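*Asks:* what's the 3D shape of this:
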Amino acid sequence: MGTDMNLPAKQATLAFLLSQAFKKLFTPRMLVIEHSFGDGFFCHEAQWETITEEEVSALESQMRKWLNNKTPLRLEHLAKTKVIEEFYKSNSYSKLEIAKQWESDMIPIIRFGKYWDYRIEPMAVDKEQLKVFKLQKYDDGFLIRFPTLLNPDKLGTFRDHPKLFNIMEEHEQWGSILGVSTIRQLNKLIRNGEIKEMLWVAEGLHEKKISDIADELVAGFPGKRIICIAGPSSSGKTTFAKRLGIQLRVNGFRTHQLSMDDYFIDRKLIPVGPDGKQDFESIEALDVDLLSERLDDLLRGNSIPRREFNFKTGEGHDLEERIELGEWDFIVLEGIHGLNPVLSERFGSDRLQRIYVSAITQLNVDANHRISTSDNRLLRRLVRDHKFRGYTPEQTLERWPSVRLGEEKNIFPHQEQADFMFNTSLVYEFPVLARYARPLLKEVRNHSAVGQEAKRLELLLSFFEPLEEEAVPGISILREFIGKSEFDY
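*Replies:* Next up, the predicted model:
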């Protein structure tokens, strides 16, 4: 099974061509490339005016016409003063903000004939590499679909994710409540000293959503006493679980938290994947039999030993401490496989309530440049790895592609199994993370793909006005990554 780590560059170039095609065909209407969804990006008209099947077809035809003509895609540089002047003339205020924040006198651009835009990520200019894509009507907008990391040469069968889309629509509503959807709007609040109230509202939205989920979990009690929490790396699952526990306490219930990581089989027994390396993120690395047996014991009213996996020795063992359920107690089971149907079958889906947790970024650079949810999680992980796990930025960046592949195989295919979804992203977190991450990224001297990735992330963070961490509440999910949380981990 091949992978294509150049896929983001192809996606970025196709997004540029899509934006310009929309401009050519439908000005003065404006396109927003909103967020990743399934195997592509969800796009809509800026005022949510419905985009028709015919318009979607016309857009794809225009893009393919451009990809088949002789006009080249070029990577160039323009003077910062010129870029600012052009964006000012066209009333492109979100782009103007980014140009003004650029820290060099020359700004990299991509050009296609008379169309151009700045470059904030690698882009692919070989037209032959860009022809595998599809525009597909979806909701009031459409999707631009691409090959995936697991299938880099062709489009897969479309798999809808209606529950995930509902969460993404919810984050649109949150952005509206907060009055922030772009870096420009966020920077303005920071400069004007108005960020605190927005920050409190963002945290309040989290608290209200967690409270709502807790109320619904209680409604399923006592039949469904096992709460499975799953999500990709650096989603904030641990803090979410602790805050959910508080809201369940408010409802008169207690929780006993178990980590699936403590039920790994011994490292020497972990199976080898197709690449010849042990696959630590496969469900086969989990002792499902033992975990199922322990859960059955708990639900029968018996006590079980707390288990711990020693990551240094690569072996699991039972501790002297024992766990027993009280009359009003839930079991909270956290781990990447929490939504896997294998577990549902073993534990009994009628005893489970499943929660998918991810950091779905609420913020865009501008209408045509999204901020990747993957970048949000990578920056969280970069900071946490350095502060608490002793990893260098290079080590975190080097591991990230394999982490992403593991997520594509083991987590994302099962996200629609969730009964509830929670978005841990906070609209104000990038300016806080930037204080920690930018110096770390500047340290990376590697000239390979890792070094290029560090430069890309450092450039993205340079567009944000910095924000002091003191304003971040002690129980915020962001504290899991930057430290000084009021929770014990």
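
*Asks:* quick one: low-confidence parts of the stretch 1-150 of the chain?
*Replies:* 1-5 (pLDDT under 70).

*Asks:* can you pull out the strands in it?
*Replies:* 31-37, 40-45, 73-79, 106-112, 115-118, 134-138, 141-145 (DSSP state E, counting those that start in this stretch).

*Asks:* Now that we have those strands, can you turn them into JSON lines and tack on distance to residue 154?
*Replies:* Heads up, the C-betas are built off the backbone N, CA and C, glycines and all. Formatted as JSON lines, the strands of the stretch 1-150 of the chain follow (distance: least, C-beta to C-beta, whole Å):
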{"stretch": "strand 31-37", "distance to residue 154": "19"}
{"stretch": "strand 40-45", "distance to residue 154": "14"}
{"stretch": "strand 73-79", "distance to residue 154": "22"}
{"stretch": "strand 106-112", "distance to residue 154": "25"}
{"stretch": "strand 115-118", "distance to residue 154": "28"}
{"stretch": "strand 134-138", "distance to residue 154": "11"}
{"stretch": "strand 141-145", "distance to residue 154": "11"}
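
*Asks:* between those, which gets nearest to residue 419?
*Replies:* Among the strands of the stretch 1-150 of the chain, strand 31-37 comes nearest to residue 419, with 20.2 Å by C-beta to C-beta.

*Asks:* What angle do strand 141-145 and that closest one make with each other?
*Replies:* 60 degrees (axes from the mean of the first three to the mean of the last three C-alpha atoms, to 10 degrees).

*Asks:* where's residue 312, which helix or strand?
*Replies:* Residue 312 is part of no helix or strand, with elements assigned from DSSP states H and E.

*Asks:* Which one of the strands of the stretch 1-150 of the chain lies nearest to residue 250?
*Replies:* strand 31-37 (31.9 Å).

*Asks:* which strands and helices sit next to the closest one?
*Replies:* helix 7-26, strand 40-45, strand 141-145, helix 162-178, strand 364-366, strand 369-370, helix 373-388 (3 or more C-beta pairs under 8 Å, 6 or more residues apart in numbering; DSSP states H and E).

*Asks:* Listing partners with orientation, what would you give for it?
*Replies:* Strand 31-37 pairs in its sheet with strand 40-45 (antiparallel), by DSSP bridges.

*Asks:* And the strand it pairs with, how far out from the chain middle?
*Replies:* 16 Å (C-alpha atoms, centre = their mean, to the nearest Å).

*Asks:* roughly how far apart are residue 281 and residue 430?
*Replies:* 27 Å (C-beta to C-beta, to the nearest Å).

*Asks:* wait, residue 229
*Replies:* Distance from residue 229 to residue 430, by C-beta to C-beta: 25 Å.

*Asks:* same thing with residue 10?
*Replies:* According to C-beta to C-beta, residue 10 and residue 430 sit 25 Å apart.

*Asks:* ok, which stretches of the stretch 151-300 of the chain are strands?
*Replies:* 226-230, 254-259.

*Asks:* Using TSV, lay out these together with mean pLDDT.
*Replies:* Formatted as TSV, the strands of the stretch 151-300 of the chain follow (pLDDT from 0 to 100):
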stretch	mean pLDDT
strand 226-230	97
strand 254-259	94
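
*Asks:* Go through those and pick out the most buried.
*Replies:* strand 226-230 (a mean of 25; mean count of other C-beta atoms under 10 Å).

*Asks:* out of the strands of the stretch 1-150 of the chain, which comes closest to residue 315?
*Replies:* strand 31-37 (38.1 Å).

*Asks:* If you count neighbours, what's buried in that closest one?
*Replies:* 31, 32, 33, 34, 35, 36, 37 (16 or more other C-beta atoms under 10 Å).

*Asks:* With just CA atoms, put that strand into CSV.
*Replies:* The C-alpha trace of strand 31-37 is given here as CSV (Å, rounded to 0.1, in the frame of the first residue of the first chain):
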residue,chain,number,x,y,z
LEU,A,31,-16.4,31.0,-2.3
VAL,A,32,-15.4,29.8,1.1
ILE,A,33,-13.2,26.7,1.4
GLU,A,34,-14.3,25.8,4.9
HIS,A,35,-12.9,22.6,6.3
SER,A,36,-11.8,19.0,5.5
PHE,A,37,-14.6,16.5,5.3
